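Trainee: build the 3D model from these lines:
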Amino acid sequence: MYNKVLTKLINECKDNSPNPNEVINNYPDASDFDKCIILLRTYKLTYSQISSKLGSPSKKTIRECLLKHAPNLIEEDCNHNKLKAKDRASKEEFILINLIRKHPE
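Mentor: I've put the predicted structure just below:
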């Protein structure tokens with residue numbers, strides 16, 4: 001069933017770097033489903049994006065697959081630093097910003 005999905009993903013990602021065939025060839029013992037997950041995670045898709053592309057497997061299933069075949073892809077930042085802590089202004093910078101807001105001229 002996932003053979004068609006894998007072929008479709010390879011065709012969609014053929015222009016990306018790294019080449020999808022190179023990624024898949026690193027995992028000869030993985031099933032087609034596992035190769036789909038590895039390929040999508042290599043291209044920095046989140047668990048929910050992978051789940052929606054593959055017919056809603058659970059996040060636990062995706063994680064188990066990655067643990068088995070490619071544990072280095074689990075901790076990779078796929079949220080593009082959206083959850084990264086923001087820099088806070090110091091007290092002096094905050095006072096200056098408020099002064100500028102009150103008196104913009």
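
Trainee: check contacts around Leu6.
Mentor: Leu6 makes contacts with Ile24, Asp32, Lys35, Cys36, Leu39, as judged by C-beta atoms under 8 Å, 6 or more residues apart in numbering. Where you see a C-beta, it was placed from the backbone N, CA and C, and this is true even at glycine.

Trainee: this protein: helices as residue ranges?
Mentor: For the chain, the helices defined by DSSP state H occupy 2-12, 20-25, 32-42, 47-53, 59-69, 91-102.

Trainee: so which of those helices is the most packed in?
Mentor: Most buried of the helices of the chain, by mean neighbour count (mean count of other C-beta atoms under 10 Å): helix 32-42, with a mean of 22.

Trainee: ok, back up a step: Glu76 is nearest to which of the helices of the chain?
Mentor: For those, the distance to Glu76 is smallest for helix 32-42, at 7.3 Å, taking C-beta to C-beta.

Trainee: hmm, who's touching that closest one?
Mentor: By C-beta under 8 Å, 6+ apart, helix 32-42 touches 1-3, 5-6, 9-10, 13, 18, 20, 23-24, 27, 30, 49-50, 53-54, 57, 62, 65-66, 68-70, 73, 76, 78.
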